[in-house]
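Q: Okay, here's the prediction I keep looking at, along with the sequence it came from:
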Amino acid sequence: MPEYIIPADLNEVQKDGSACVACDGRDGPMIPVGRVDGTQVFAHDGCAFGISTAARPLA
Ligand SMILES: [Zn+2]
C-alpha cells in the first residue's frame, strides 16, 4: 500500500478515477483522495487510510 499518490505511477484507469489508486481494484465503494492532472482520483475506504493526507496531490 503506497503512502503517497505518485501521479507517474498511476495507470490510466487509476488516473481517470475508475480504479483505486492504492490497490487498482475497481469494485466496491471508494472515496475521493485527491486530484491528479485535474481529475479526481479515488481509493477504497480501507486503502485510503494508508495514504498520507500531506502527500495527496491537490487534495
Ligand atoms: Zn483499494
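A: On my side now, so go ahead. Nothing here was measured: the structure is a model prediction, and the numbers come from that model. Residues are numbered from 1 along each chain as shown.
Q: Point out the residues in this protein that sit beside the ion.
A: Residues of the chain lying near the ion by Cβ under 5 Å from the ion: Cys20, Ala22, Cys23, Gly25, His44, Cys47. C-beta here means a position set from N, CA and C on the backbone, and glycine is covered the same way.
Q: pretty sure the second one contacts Asp45?
A: No: the pair formed by Ala22 and Asp45 falls short of the contact definition of Cβ atoms under 8 Å, at 10.7 Å.
Q: Looking at the two, which is more packed in?
A: A direct count of neighbours by other Cβ atoms under 10 Å for Ala22 and Asp45 places Ala22 higher, at 22 against 11.
Q: which one is the more buried one nearest to, not counting chain neighbours?
A: Excluding the flanking residues, the one nearest Ala22 by Cβ to Cβ, 6 or more residues apart in numbering is Cys47, at 3.6 Å.
Q: hang on, the one you found in a helix?
A: Yes: the assignment for Cys47 is a helix, going by DSSP: H, G, I helix; E, B strand; the rest coil.
Q: For it, give me its contacts.
A: Shown in contact with Cys47 (Cβ atoms under 8 Å, 6 or more residues apart in numbering): Met1, Cys20, Val21, Ala22, Cys23, Gly25.
Q: Quick one, grab the pLDDT at the fourth one.
A: The reference is to Ala22. pLDDT for Ala22: 87.
Q: Show residues contacting stretch 12-28.
A: 1-2, 5, 7, 10-11, 30, 33, 36-37, 39-44, 47-48, 50-51.
Q: hang on, the earlier thing: just the buried ones from the contacts of Cys47?
A: Cys20, Val21, Ala22 (16 or more other Cβ atoms under 10 Å).
Q: For these, please prepare CSV with the additional fields secondary structure.
A: Converted to CSV, the buried ones among the contacts of Cys47 look like this (three-state DSSP):
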residue, secondary structure
Cys20, strand
Val21, coil
Ala22, coil
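Q: Could you list the low-pLDDT ranges of this protein?
A: Filtered on pLDDT under 70, the chain yields the residue ranges 1-4, 50-59.
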